[in-house]
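Engineer: Got a predicted model here, sequence first, then my questions.
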Number of protein chains: 2
Amino acid sequence: MKKLILFLLEAESPGTARNILKLKNMLSDLNTQDICDIFNELRVDKIIKIFRILPKAVAADVFAHIDSEHQQILVQALSDDEIGELMSRLFVDDAVDFIEEMPANVVKRVLMNVSQEKRTEINRILQYPEDSAGSIMTTEYVDLSEDINVRKAFYIIRSTGVTKETIYNCYVIREDRLLVGVVSAKALMLANSNDRIGDIMDASPVFAHTTDDREAVADKFRKYGLLAMPVVDTEQRLVGIITVDDIIEVIVEESTEDMEKMGALTPSDDPYLKTGIIRLAKNRIVWLMILMLSATISAGIIATYEESLAILPILVAFIPMLMDSAGNAGCQSSTLIIRGMAVGEIRLRDFFRVLWREIRVGTLCGLALSLVNLVRIYLMYGQNIMLALTVTLSLFCTILMAKTLGGLLPILAKRVKLDPALMAAPLITTMCDAACLMIYFSMAKMILGL
Amino acid sequence: MKKLILFLLEAESPGTARNILKLKNMLSDLNTQDICDIFNELRVDKIIKIFRILPKAVAADVFAHIDSEHQQILVQALSDDEIGELMSRLFVDDAVDFIEEMPANVVKRVLMNVSQEKRTEINRILQYPEDSAGSIMTTEYVDLSEDINVRKAFYIIRSTGVTKETIYNCYVIREDRLLVGVVSAKALMLANSNDRIGDIMDASPVFAHTTDDREAVADKFRKYGLLAMPVVDTEQRLVGIITVDDIIEVIVEESTEDMEKMGALTPSDDPYLKTGIIRLAKNRIVWLMILMLSATISAGIIATYEESLAILPILVAFIPMLMDSAGNAGCQSSTLIIRGMAVGEIRLRDFFRVLWREIRVGTLCGLALSLVNLVRIYLMYGQNIMLALTVTLSLFCTILMAKTLGGLLPILAKRVKLDPALMAAPLITTMCDAACLMIYFSMAKMILGL
């Protein structure tokens, strides 16, 4: 079907009435997302043509789901009236997402063609801090009064529901917009026509404040299995709702952000292939620089023990193995703890439980690795048992140290309100490296008497 | 409220009728998840007591949401009849999740007390491969015939909907359970009573096959913004549905799995604090061992250049800095590419685009780091310009090499059907280490003539 449309668009001369009608019929069989896919594969002039053929409601829906590059191209090609029509049909949260990505001149033109009321709503949401519940909510919800009955509620939903982002949860408010309950479409459908909304609603709904962190909101969605959540201001007045599709994007974005921090990157929302080279380099240089400079500590330690190394140069050969094992062992622990805290399984008060667990796990891992290592070095390096012992004992202590550091530093970071994900592989590795070298050279001094 | 209940339970002597009534009233004000929270804080004997006080439907819902440890305790304390009652009220997907975690003797007792029909359904879902769409679906959905009208549809929903996992999407099937469409509750509510279902349904619904990978299903949910998706067998017959709450868990679990692989861990579904020490150690030792043994390559390279190091021992001091920078640079690239592939932004065919981008980004990062490094070493190490040049040029080449390897190896891994997440920090670091040492010593030979 897609292939056919693409063929039609590319091959035939445009504009003949027959073709447009044919195209219209074909498009009407596709769902929004498939039309978006077609948009992403087409040349600019074709996009505008198809966009204008689409029914207005579908066009708005498609517009909300294509990427910001295509949004900008389209908006710049549309007339003022067309922009006004489009904006009136966009949900407020989609309108905000769109506006946030546009350059200033486009934003100005768009806002000039929006109704006063919608402009106020958009501006209000734009003012909420990034990553707050307010910034991802929308204002198209169904509100009901507690004194009406189910029949009246259905009437309201039928007359206004088509423009709402969800009708599966309706919010029960008093005169001053005070949120007093929520009633699901399921409850409405299973109730009797004459039941009073106030009697069938859930009077203690789970809600968020506009300033709540969006990650905390996502946790509540998961915990309570919600499809939508009301958002209230400081006086408990309903100002918007958040729907589950936006929460899924929050969860995906927060995971990406954590992974990027754990990979020593400055987090960024932009897709890799659409980010400029300079920007990509910038996102990486900060951490590379910090970590490179921290590595001078290791250099200092080695310089101190230069004489020992001169006596027994083979000691240098084990440095990469020890450093890598330290980094990997620490990285394993910190990954588990960082993720455990992100999904709410590990809390600050678990500090000592984690410590005790990592000590035991570290001992087991250390023993296993040391044993293999002892045999290997003994056999490979001229059956020098003292050398083998030095390296092996260093390895054991290094792993124990790395496991403990890797397990505890993310918790400590959270304790002082830093993001635990910063305490991941790269920083842990640098710290473990220095500690590992200290352990190694002290052992060499003690056992080999250097 | 929670505090109060806990107080009641712990402080007063149990069993008096007044207390139980009081407790019952208090519990009825709480939602399922809050009751689950209370369960997690209580002693075993108290859990059973509260569980029996709860209304049967709430009890089943609570049971589905507590962890498997508590589920086992409860089931072992319940009578056969109580188990039968509980199982009849559990959704099939929750029943399957529960059974999968139980030891064999408990499973046997549970299945003995389940109706023949439900047992068949449970067994069928248990047979689908792990991580398949079939393994996460449930069989409680509303199905409609295309020839009935909206009024009849509402009647069916009202009479059967209370036991269904969702009523917001109803599935339209023919006699042989062939899936022909889906109709949303929204469409039903906005339609006229006499409209025919076949006329208002979406006749090309997005669906999954039972054997589809659950990650691919999650991608479809995100793409199309779905609340539920029908699952069909090879003959397009409807066998179940997947709901969005389960998909959120899939997304969270898949992210966790990727992070664990990227952290050199054998992935595991069990929460950190609830996994045994031996098991935790096992999940870590495999990769630690592989990486430790691979690090012998680096040792071999160093051993080859032992003489050069003996002439200029200060060279050793820069090894940690070079190795760490290599690891970090490679890790940054691989993190971006792995995540980009996981969320579908980067595909196999982008190989050369990624290559070209990483070369440019690597050059920029390499230049920035080298410049700082050149000045630093020149000033700190007796203004030895040749030494500074050796280290700096090595750093530049190392970063360029690490960026390219880090960017391309995940794509190559995917090409040969390996999980890209394996090509993350730990493995990349080990490879970059060896390459970095080769570069360093070659430079030293060339520039310093060692």
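Structural biologist: Yes, it's here.
Engineer: so does whichever strand or helix holds A:Ser442 get close to chain B?
Structural biologist: Counting by DSSP states H and E, the element that carries A:Ser442 is helix A:425-443. Yes - applying Cβ under 8 Å from any Cβ of the partner chain, one finds helix A:425-443 touching chain B at A:Ala425, A:Pro426, A:Thr429, A:Thr430, A:Asp433, A:Leu437. C-beta: built from backbone N, CA, C; applies to glycine.
Engineer: all helices of the stretch 201-350 of chain A, in order?
Structural biologist: Assigned by DSSP state H, counting those that start in this stretch, the stretch 201-350 of chain A shows helices spanning A:214-224, A:244-262, A:277-304, A:306-311, A:314-317, A:319-342.
Engineer: Off-centre distance for the first one?
Structural biologist: For helix A:214-224, the distance between its averaged C-alpha position and the chain's averaged C-alpha position is 13 Å (Cα atoms, centre = their mean, to the nearest Å).
Engineer: average pLDDT across that helix?
Structural biologist: Average pLDDT, helix A:214-224: 92.
Engineer: Go through that helix and flag the buried ones.
Structural biologist: Using 16 or more other Cβ atoms under 10 Å in any protein chain shown as the test for burial, helix A:214-224 gives A:Arg214, A:Val217, A:Ala218, A:Asp219, A:Lys220, A:Phe221, A:Arg222, A:Tyr224.
Engineer: same thing with the fourth one?
Structural biologist: The neighbour-count check on helix A:306-311 (16+ other Cβ under 10 Å) flags A:Ser308, A:Leu309 as buried.
Engineer: next one: the second one
Structural biologist: When neighbours are counted by 16+ other Cβ under 10 Å, the buried residues of helix A:244-262 are found to be A:244-248, A:250-262.
Engineer: circling back: now the helices of the stretch 201-350 of chain A in CSV, with distance to A:Glu69?
Structural biologist: Shown next, in CSV, are these (distance: least, Cβ to Cβ, whole Å):
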stretch, distance to A:Glu69
helix A:214-224, 25
helix A:244-262, 18
helix A:277-304, 15
helix A:306-311, 56
helix A:314-317, 52
helix A:319-342, 31
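Engineer: For A:Asn19, find the nearest of those.
Structural biologist: Nearest to A:Asn19 among those is helix A:244-262; the distance by Cβ to Cβ comes to 35.0 Å.
Engineer: How about the closest one and chain B, any contact?
Structural biologist: Yes - part of helix A:244-262 sits near chain B under the criterion Cβ under 8 Å from any Cβ, namely A:244-245, A:247-249, A:251-252, A:255-256, A:258-260, A:262.
Engineer: between the residues you listed, which is closest to A:Gly276?
Structural biologist: Out of the residues of helix A:244-262 next to chain B, the member with the shortest distance to A:Gly276 (by Cβ to Cβ) is A:Glu260, at 16.7 Å.
Engineer: residues in contact with that closest one?
Structural biologist: Contact analysis of A:Glu260 by Cβ atoms under 8 Å, 6 or more residues apart in numbering or on different chains lists A:Thr266, A:Pro267, A:Ser268, B:Thr335, B:Leu336, B:Arg339.
Engineer: How confident was the prediction at the third one?
Structural biologist: Right, A:Ser268. 83.
Engineer: what about it, how many neighbours?
Structural biologist: By the measure other Cβ atoms under 10 Å in any protein chain shown, the count of residues near A:Ser268 is 16.
Engineer: which ones are touching it?
Structural biologist: By Cβ under 8 Å, 6+ apart, A:Ser268 lies in contact with A:Glu260, A:Thr275, A:Arg279, A:Asn283.
Engineer: again with the first one
Structural biologist: The neighbours of A:Thr266, taking Cβ under 8 Å, 6+ apart as the test, are A:Glu260, A:Lys282, A:Asn283, A:Arg284, A:Val286, A:Trp287.
Engineer: What distance do you get for it to A:Arg279?
Structural biologist: 10 Å (Cβ to Cβ, to the nearest Å).
Engineer: Then A:Asp61?
Structural biologist: Distance of A:Asp61 to A:Arg279, given as Cβ to Cβ: 31 Å.
Engineer: The two: which has the busier surroundings?
Structural biologist: The residue with more neighbours, out of A:Asp61 and A:Arg279, is A:Asp61; 21 against 13, by other Cβ under 10 Å.
Engineer: quick one: which helix or strand includes the more buried one?
Structural biologist: Under the criterion of DSSP H and E, A:Asp61 resides in helix A:56-65.
Engineer: next helix or strand past that helix?
Structural biologist: helix A:68-77.
Engineer: That following helix - contacts with which helices or strands?
Structural biologist: Counting contacts by 3 or more Cβ pairs under 8 Å, 6 or more residues apart in numbering or on different chains; DSSP states H and E, helix A:68-77 packs against helix A:44-53, helix A:92-101, helix A:104-112.
Engineer: from the middle of its chain, how far away would the first one be?
Structural biologist: Shown here is helix A:44-53, whose average C-alpha point lies 32 Å from the average C-alpha point of the whole chain (Cα atoms, centre = their mean).
Engineer: And that helix, what's buried?
Structural biologist: Counting neighbours by 16+ other Cβ under 10 Å, the buried set in helix A:44-53 is A:Lys46, A:Ile47, A:Ile48, A:Lys49, A:Ile50, A:Phe51.
Engineer: Below-threshold pLDDT in chain A: ranges please.
Structural biologist: A:1-17, A:425 (pLDDT under 70).
Engineer: Count the neighbours of the nearest residue to A:Glu101 once chain neighbours are set aside for me.
Structural biologist: Distance criterion Cβ to Cβ, 6 or more residues apart in numbering or on different chains; nearest residue to A:Glu101, sequence neighbours excluded, is A:Ser68 at 3.8 Å. Residues contacting A:Ser68 under the criterion other Cβ under 10 Å number 14.
Engineer: and if you look at A:Leu293?
Structural biologist: For A:Leu293, using other Cβ under 10 Å, the count is 15.
Engineer: residues in contact with it?
Structural biologist: B:Val372.
Engineer: so how far is A:Leu74 from it?
Structural biologist: In terms of Cβ to Cβ, A:Leu293 sits 47 Å off from A:Leu74.
Engineer: What of A:Leu179?
Structural biologist: Applying Cβ to Cβ to A:Leu179 and A:Leu74 gives a distance of 37 Å.
Engineer: hang on, the earlier thing: what's the most distant pair in the contacts of A:Glu260?
Structural biologist: A:Thr266 and B:Arg339 (14.3 Å).
Engineer: My guess is A:Ile338 contacts A:Glu257. True?
Structural biologist: No - assessed by Cβ atoms under 8 Å, A:Ile338 is found out of contact with A:Glu257, at 11.8 Å.
Engineer: shared neighbours of these two, anything?
Structural biologist: The contact lists of A:Ile338 and A:Glu257 share A:Ala421, where a contact means Cβ under 8 Å, 6+ apart.
Engineer: Next, the contact list for the residue lying closest to A:Asp419 once chain neighbours are set aside, please.
Structural biologist: Computed as Cβ to Cβ, 6+ apart, the closest residue to A:Asp419 that is not its neighbour in sequence is A:Lys261, at 6.4 Å. When contacts are counted by Cβ under 8 Å, 6+ apart, A:Lys261 touches A:Pro267, A:Asp419, A:Ala421, A:Leu422, A:Ala424.
Engineer: export the residues you listed to TSV and tack on neighbour count?
Structural biologist: Listed next are those as TSV, based on neighbours: other Cβ atoms under 10 Å in any protein chain shown:
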residue	neighbour count
A:Pro267	16
A:Asp419	17
A:Ala421	25
A:Leu422	18
A:Ala424	32
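Engineer: just the residues you listed now: which is nearest chain B?
Structural biologist: A:Ala424 (8.0 Å; Cβ to the nearest Cβ).
Engineer: In contact with that closest one, which residues?
Structural biologist: Contacts of A:Ala424 (Cβ under 8 Å, 6+ apart): A:Lys261, A:Met262, A:Gly263, A:Ala264, A:Cys331, A:Ser334, A:Thr335, A:Ile338, A:Pro410.
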